[in-house]
Structure formats: structure tokens, C-alpha cells
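Trainee: Pasted the sequence and its predicted model underneath.
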Amino acid sequence: MTIHGDHPFLPPESERSPVRRLRGRLPSPVSLWTSSYDGKRAGLTVSSMLVADGEPGYVIGLIDPDSDLWETLRQARTAVVALLGAPQQQLADAFGYVAPAPGGPFRLIDWTDTEWGPAPTGVTTWAGCTLTTPDPPEVGWALQVQLEIAHVELAPDEVPPLVHRRGRYSTA
């Protein structure tokens, strides 16, 4: 058996979507969106997102409509959006469903229950948000989910943020 450094199911670059390849060349923040409803927790690693400043502020992200996160978020109407740093790379992979997480990704670390959902312990920056509409528009393969920011936690910026570009992680 040989272990390769590349993803085993990734098509050759020439066969990939040029739009996806363009997006892949942009550095993207690595965030973890979590929500809980009726005792069920769900989360998803999200890199296709932005934060819009204002009163109120918003987080806008592209979410897979078939994900457990969307089902739970739509019911709960609240979420935690946590910005991940280098120490949380394994967490990002587990919630991105590209790495194993025996017992599920919520068992990898401790969590703090907030009024917006579970917040990962040890993450220095996160926002508690509320869903603005249960029927967001479809954009390409995803739903364009808009969350209104209700609360922000900002600890000292000692951990560089995790960035995703061309299928690889780095720190900014």
C-alpha cells in the first residue's frame, strides 16, 4: 500500500471547474459554524464567507443545503461562527468531513454552550449570530446564508488565523 500526498479522488486539475480553481487561489478564512436544536448539535467548516461591518453586522456564508448544519441552523435560527487558528486544524478537517473523528467531531474538544449554540473552547474569536431568513437564495451549489451578529468574543490575538488556499492550510 502506498500513501499519497494528494487527495485520492481529486480529478486532474485540467478537469476541474475553472470557477472552483479561481476560488481556490483566493486565501479564505477557516471558520467553524455550529448550531444546536432540541439536543442535536451540528457543525461545518466554512471558508466561503465574509463579515459585513455595520449596525448590525452580518456574517454571510455559503452552506451546503444537504448538510446537517443547515438542517439544525434552520430550526434553531442561531449559530456560533468561530474563527479557527493553527491549533484547530484537526478540528477544521473533522468538521469538513475530510478527517476521521471517532465518536463525531464534537468529541474532539470541549465546548461551551451559549445562547447561540456550542462555542469551541480554546478558540479566541467567535460570534453569536441569528439567522435572518429560513429561505436563503441558492448560489451555485450552496445556500447564501446571512447571519446577523448579536455578540462578539475577541480574546488577545495571540494565535494566527488559519487560512485555506488551493487545498492547503497556512497561517496569516
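Mentor: Received it, and whenever you're ready, just let me know what you need.
Trainee: Please count neighbours and contacts with C-alpha atoms only from this point.
Mentor: Noted.
Trainee: So what are the sheet partners of the lengthiest strand in the chain and their directions?
Mentor: Looking across the chain with DSSP state E, the single longest strand is strand 142-154. Strand 142-154 pairs in its sheet with strand 58-63 (antiparallel), strand 125-131 (antiparallel), strand 138-139 (antiparallel), by DSSP bridges.
Trainee: quick one, strands of the protein?
Mentor: Taking DSSP E as the test, the strands found in the chain are 28-29, 31-37, 40-46, 49-52, 58-63, 78-83, 111-114, 117-120, 125-131, 138-139, 142-154, 162-165, 168-171.
Trainee: of all the ones you listed, which lies closest to P102?
Mentor: Proximity to P102 (Cα to Cα) singles out strand 40-46 among the strands of the chain, at 15.4 Å.
Trainee: Check which helices and strands that closest one sits against.
Mentor: Contacts defined by 3 or more Cα pairs under 8 Å, 6 or more residues apart in numbering; DSSP states H and E place strand 40-46 against strand 31-37, strand 58-63, helix 68-76, helix 89-95.
Trainee: gap between the second one and the chain center?
Mentor: Taking Cα atoms, centre = their mean, to the nearest Å, the mean C-alpha location of strand 58-63 is offset from the chain mean by 9 Å.
Trainee: Convert it to PDB, retaining C-alpha atoms only.
Mentor: The C-alpha trace of strand 58-63 is given here as PDB (Å, rounded to 0.1, in the frame of the first residue of the first chain):
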ATOM      1  CA  TYR A  58     -23.500  40.300   9.300                       C
ATOM      2  CA  VAL A  59     -21.800  37.100   8.500                       C
ATOM      3  CA  ILE A  60     -22.600  35.800   5.000                       C
ATOM      4  CA  GLY A  61     -21.500  32.300   4.100                       C
ATOM      5  CA  LEU A  62     -22.100  29.600   1.500                       C
ATOM      6  CA  ILE A  63     -23.500  26.500   3.200                       C
END
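Trainee: the inter-axis angle of it versus helix 68-76?
Mentor: Angle, strand 58-63 to helix 68-76, by axes from the mean of the first three to the mean of the last three Cα atoms, to 10 degrees: 130 degrees.
Trainee: what sits up against strand 58-63?
Mentor: Applying Cα atoms under 8 Å, 6 or more residues apart in numbering, the external contacts of strand 58-63 come out as 46-52, 70, 139, 142-149.
Trainee: so which of the strands of the chain is the most packed in?
Mentor: Neighbour counts averaged per stretch over the strands of the chain are highest for strand 78-83, at a mean of 27; criterion: mean count of other Cα atoms under 10 Å.
Trainee: Brilliant, that's me finished.
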